[in-house]
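Visitor: structure for the following, please:
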Amino acid sequence: MNKTVKYVIGRLLFLIPIMLILSFFVFALTYLSPLDPVTLKYQRMGETPDQALIEKEKEAMGLNDPFLVQYGRWLWKAVHGDLGESYKTGKPVWKTMKERIPNTLKLTGATLLLTVLLAVPLGVISAVYQNRFADYLLRFVSFFGVSMPSFWVGFLLMLLFGVKLKLLPVMGSGDFKHIILPSLTLAFWMVSL
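Guide: Numbering: from 1, shown residues only. Next up, the predicted model:
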């Protein structure tokens, strides 16, 4: 087997214990939270049910079980593809994720493409014109690009291209125009880096 293939397989196998440890800590933080999911669900609905109903639902959901039992049950279901139901929508979490994966992949692909198309030529220009005006200008822009939070860059791009120039939509999804501002926002930091 090729060295590169072995390396990639080793790295992918190394992700398994990392994901387990990470899931354990996130589950522990959720478990230690002062609010339980049942109370949170009713708070979001704007209702205040009596404590007996809350305790009954907690028992039905297994929230009164010990931490390791709850984590083991969750992990077993998650490994088998059952991520539970959303308290907000009442739909299965996996179904909601499947609905959003295509847009996520479009945004990721557009951001990656934009990053490569901008970063490589700008890096070459910076290297060719090292310690000259073009290099200093690119360093200056890179400094601000890395320093500014992405939400602020997104806001400024929306203000310029969506509100002032009215060239691009500032919200929604659909055709090619809708993905330009979000992918440009995400690519700006990576190009600057």
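
Visitor: surely Ala187 meets Leu114?
Guide: Yes: contact criterion Cβ atoms under 8 Å: Ala187 and Leu114 qualify, at 4.2 Å. Where you see a C-beta, it was placed from the backbone N, CA and C, and this is true even at glycine.

Visitor: who's more crowded, these two?
Guide: Higher neighbour count among Ala187 and Leu114: Ala187, with 22 against 19, using other Cβ atoms under 10 Å.

Visitor: residues in contact with the more buried one?
Guide: Thr111, Leu114, Thr115, Leu118 (Cβ atoms under 8 Å, 6 or more residues apart in numbering).

Visitor: which strand or helix spans the first one?
Guide: The secondary structure element spanning Thr111 is helix 93-128 (assigned by DSSP states H and E).

Visitor: for the next helix or strand along the chain from that helix, the distance to its chain's centre please.
Guide: Downstream of helix 93-128, the first helix or strand assigned by DSSP H and E is helix 133-147. Counting by Cα atoms, centre = their mean, to the nearest Å, helix 133-147 is centred 27 Å from the centre of its parent chain.

Visitor: so which bits of the worst-scoring helix or strand of the chain on mean pLDDT are buried?
Guide: Every helix and strand of the chain was ranked by mean pLDDT, DSSP states H and E. The lowest is helix 37-45, at a mean of 80. For helix 37-45, the neighbour count (16 or more other Cβ atoms under 10 Å) marks Val38, Thr39, Lys41, Tyr42 as buried.

Visitor: also stretch 64-77?
Guide: Under the neighbour-count rule (16+ other Cβ under 10 Å), stretch 64-77 has Gln70, Tyr71, Trp74 buried.
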